[in-house]
Every structure is written in structure tokens, then in C-alpha cells.
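K.L.:
Here's a sequence, model it:
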Amino acid sequence: MAQVIVEFGRVGSGGNFTAGNTGAPVMVGVGITSEEVTTSGTSAATTATSATGDFVSIYNADASQVVWGRIGDSPTAAVEQDFSVAPGERREFGPLASGLAVALIDDS
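P.N.:
Sure thing, here's the model as predicted:
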């Protein structure tokens, strides 16, 4: 089992960077939806879904378990079928279409 954090949201510029008064723009998350998924040997999909233009960030918080994932409108993850997320790794995908979920499964 792994604890995986899945966040859907958009990226936009917001405010100015004030440290050192450089005036450089700062990137901020917009409309972020976050969900924690506990993986197992059976595919588990997020209940949260993407909006048009969202990006998804998938962070594997586990120290030893590789997980596999699939993004789709009704996804089922399978080992060695789509993308993997190593322990402590973050993967990001997008921009996405509306209504997509993320399914995750433990590596066997």
C-alpha cells in the first residue's frame, strides 16, 4: 500500500515576487482539488476529476512502493501498462480535458 496525493488544478500568474524586489511574476495554483488515494493490488480511481485545462500532479508519498497509474474518463490502472510513480516521486500531466480521473495500483 502507498499513500498517493493527486491534485487537479490550473496554473496562473499571481502577484509579484517581493523577495529582493525583483518584480518577477510568481506562479500560483488556481482552483486546486486534492485527494489522497491509498493504493493496493486493485486499481483505485480518484473521485475528483479534472476541469478543462487542468494539470494533474501525482505524488507518491510512500518510501518503498512503486505505483502505476492511468488517466481517463473511467480509468483502470494496470501494472506496466501506463505510467509509473516511484517512491517519493512527483509526476505531472496536462493540460487535461474535462472529467478525467486518475486510477492507481501497486506494483506487483
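K.L.:
in this structure, which ranges drop under the pLDDT threshold?
P.N.:
12-30 (pLDDT under 70).
K.L.:
what do you get if the cut-off is 80, keeping everything else the same?
P.N.:
11-31 (pLDDT under 80).
K.L.:
Strands of that one, start to end?
P.N.:
3-16, 25-38, 44-45, 55-60, 67-72, 83-85, 90-93, 101-106 (DSSP state E).
K.L.:
and those as a markdown table, adding mean neighbour count?
P.N.:
Backbone N, C-alpha and C define where each C-beta goes, glycine included. Formatted as a markdown table, those follow (neighbours: other C-beta atoms under 10 Å):
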| stretch | mean neighbour count |
| --- | --- |
| strand 3-16 | 16 |
| strand 25-38 | 13 |
| strand 44-45 | 18 |
| strand 55-60 | 20 |
| strand 67-72 | 22 |
| strand 83-85 | 17 |
| strand 90-93 | 14 |
| strand 101-106 | 22 |
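K.L.:
Show me what Ile71 is bridged to.
P.N.:
On the basis of DSSP bridges, Ile71 is bridged to Val102.
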